[in-house]
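> model this:
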Amino acid sequence: MEKTDALILAGGTLSEDLKKYSSGHDNRAMLKIGDKRMIEYVVDALRGTPEIGEIVVVGLKQPLEEVLGGRVDAVLESKPGMLDNLKMGVERFKNKKRMLVATCDIPLVKPEMIEGFLRACKKEQADLYYPIVEKKLNDQKFPETKRTYFRLKEGVFTGGNVFLLNPAALLENWGYIDRILAARKKPWKIVGMLGFGFIVGFLLHRLSIPVIEQKVERITGCKGKPVMTQYPEIGVDVDKESDYLLVKKVLE
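Sure, this is the predicted structure:
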């Protein structure tokens with residue numbers, strides 16, 4: 001069985017309210033939580049997933065290589081923009097059928113969660129798989145977290161920070177894909193790109209997952225597939241102090 005290679009996006013700086021926890025590093029990936037840097041939790045989760053093959057990190061090359069050592073296969077020097085870093089990683093794996101992309105700021109992720117997501121993705125064919133979590137699951141496990149939610153016919157959901165994608169298909173349709181990915185935390189912007197009718201449907205909570213899939217494929221040429229996951233940890237990213245205190249409490 002061909003393994004799935006993984007890319008970790010590790011660029012970006014800490015928000016002002018997180019810099020007091022930075023231990024001399026303002027890079028997000030290097031934020032220390034417990035006895036490890038934040039990115040180490042993500043690397044360990046991927047390394048513990050049997051289906052994952054090569055792991056490549058895009059970030060600050062020197063400090064990341066010092067921290068991660070031989071646990072990853074390569075560290076690529078990051079560019080200023082997240083989407084530029086994503087494209088760099090996607091181009092590295094352009095000859096592969098699929099690759100996994102994860103952000104460096106989801107320290108609660110575990111191997112079984114990665115495995116569960118990959119298993120769910122195998123049920124249908126698509127170019128881009130994106131995890132969604134029902135609000136009730138997130139509220140049950142992490143009631144104190146504040147997340148961005150969107151309401152569809154099927155329910156109320158939030159998104160995750162792990163993606164499975166077809167590198168060649170993404171590169172072929174990059175012009176539109178980068179706009180959607182740039183707005184990934186603002187679902188109303190994505191809906192706006194899809195037309196006035198979608199704006200009305202979104203506001204009236206009449207949109208359904210199949211209708212969105214069909215519209216996205218018609219416009220971009222890529223077949224996208226939201227994948228429901230039972231693991232809200234995939235969506236708990238450390239953006240602000242309250243997130244940091246939550247994951248620190250959970251991990252300790």
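> Please spell out the segments of the stretch 151-252 of the chain that come in under the pLDDT threshold.
Within the stretch 151-252 of the chain, the segments meeting pLDDT under 70 span 176-205.
> the helices in it, which residues?
Secondary structure of the stretch 151-252 of the chain, counting by DSSP state H, counting those that start in this stretch: helices at 167-172, 174-182, 187-193, 196-203, 209-220, 241-251.
> Give me the buried positions along the first one.
Same thing as helix 167-172. Pro167, Ala168, Ala169, Leu170 (16 or more other C-beta atoms under 10 Å). To be clear about C-beta, it is placed using only N, CA and C from the backbone, and glycine gets the same treatment.
> For the last one, give me its contacts.
Shown here is Leu170, whose contacts under the criterion C-beta atoms under 8 Å, 6 or more residues apart in numbering are Val90, Asp127, Leu128, Ile177, Cys222.
> quick one: which of those is nearest Asp139?
Distance to Asp139 across the contacts of Leu170 (C-beta to C-beta) is lowest for Leu128, with 27.0 Å.
> so what's Cys104 up against?
Contacts for Cys104 (C-beta under 8 Å, 6+ apart) come out as Ile8, Leu9, Ala10, Arg28, Ala29, Met38, Ile39, Val42, Val57, Gly59.
> Try it again at 10 Å.
Cys104 makes contact with 8-12, 27-31, 37-43, 57-59, 64, 161, 237-238, according to C-beta atoms under 10 Å, 6 or more residues apart in numbering.
> swap in Ala74?
Per C-beta under 10 Å, 6+ apart, neighbours of Ala74: Glu54, Ile55, Val56, Val57, Val58, Lys61, Glu65, Gly89, Arg92.
> And the residue nearest the centre of the protein?
Computing the C-alpha centroid of the chain and ranking residues by C-alpha atoms, centre = their mean puts Asn161 first, at 2.1 Å.
> Quick one: residues contacting that residue.
Going by C-beta under 10 Å, 6+ apart, Asn161 touches 9, 42, 101-106, 109, 130-131, 184-185, 233-237.
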